[in-house]
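Turn this into a structure:
(2 chains)
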2 protein chains.
Amino acid sequence: MYNGKVTVQYRNGILDPQAQAIHRAVKSLGYDSVQEVEQRKEFFLKLDCASKDQANKELDEICQKLLANPAIEDYEYTVEEE
Amino acid sequence: MYNGKVTVQYRNGILDPQAQAIHRAVKSLGYDSVQEVEQRKEFFLKLDCASKDQANKELDEICQKLLANPAIEDYEYTVEEE
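Just a heads-up that it's a prediction; the model follows:
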């Protein structure tokens, strides 16, 4: 069994509308001290694969097909044996 | 200037519908090896506060009021001086 950890975030230079909305909301609550807001998603997957290579291969495919939008997001991942 | 990092995730025992939907989607793509999917959100805030205590206080309030849903989510945060 392998534990995959994936981090997905907006590519540098690409506007993150959700982070912008959070920043506006924070300001509207009166927290003018907040200068910047960024966000990212983390996913944790348990993979029952025959090898670590297989787990890496499948996780990369899952990132590209589902977890990240290749047009605007970057992803990183690690795979560790349980 | 202080850098705040916030992690928000569903409380243990509470069903995460989005993670469940991702798990179903992963299976429908043919990745039967995936046994479990969990997810969490991370936020990064730059706070221009007078002190670290002030930054901690404001970040905690922002978590409770905006970033986490106290009914179903837990949050953790750290504050570091830039």
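
Could I get the phi/psi values of residue A:49?
In terms of degrees, to the nearest 10, the main-chain angles of residue A:49 are phi -110, psi 160.

For it, give me its contacts.
Contacts were defined as Cβ atoms under 8 Å, 6 or more residues apart in numbering or on different chains; by that measure residue A:49 touches A:2, A:55, A:58, B:33. The C-beta positions use only the backbone N, C-alpha and C, and glycine is treated the same way.

and the residue nearest to it when sequence neighbours are not counted, how many residues sit next to it?
With sequence-adjacent residues excluded and distances taken as Cβ to Cβ, 6 or more residues apart in numbering or on different chains, residue A:49 is closest to residue A:55, at 4.1 Å. In terms of burial, residue A:55 registers 25 neighbours under the definition other Cβ atoms under 10 Å in any protein chain shown.

in what helix or strand does residue A:44 lie?
Assigned by DSSP states H and E, residue A:44 belongs to strand A:34-47.

Revised request: answer the last question for residue A:21.
Using DSSP H and E, residue A:21 maps to helix A:17-28.

What helices and strands are in contact with that helix?
Under the contact criterion of 3 or more Cβ pairs under 8 Å, 6 or more residues apart in numbering or on different chains; DSSP states H and E, helix A:17-28 touches strand A:34-47.

Please tell me how far the strand it packs on is from the chain's geometric centre.
5 Å (Cα atoms, centre = their mean, to the nearest Å).

pLDDT on that strand, on average?
Along strand A:34-47, the predicted confidence averages to a pLDDT of 97.

Now do the buried residues in it.
Within strand A:34-47, the residues that qualify as buried by neighbour count (16 or more other Cβ atoms under 10 Å in any protein chain shown) are A:34, A:37-43, A:45-47.

Next secondary structure after it?
Taking DSSP H and E, what comes next after strand A:34-47 is helix A:52-62.

tell me what that following helix is packed against?
Packing partners of helix A:52-62 (3+ Cβ pairs under 8 Å, 6+ apart): strand A:2-10, strand A:34-47, strand A:73-81.

let's see 10 Å
With contacts defined as 3 or more Cβ pairs under 10 Å, 6 or more residues apart in numbering or on different chains; DSSP states H and E, helix A:52-62 has these neighbours: strand A:2-10, strand A:34-47, strand A:73-81, helix B:17-28, strand B:34-47.

who touches the most far-flung residue of chain A relative to its centre in this structure?
If you look at how far each residue of chain A sits from its centre, by Cα atoms, centre = their mean, the farthest one is residue A:30, at 28.8 Å. Under the criterion of Cβ atoms under 10 Å, 6 or more residues apart in numbering or on different chains, the contact list for residue A:30 reads B:58, B:61.
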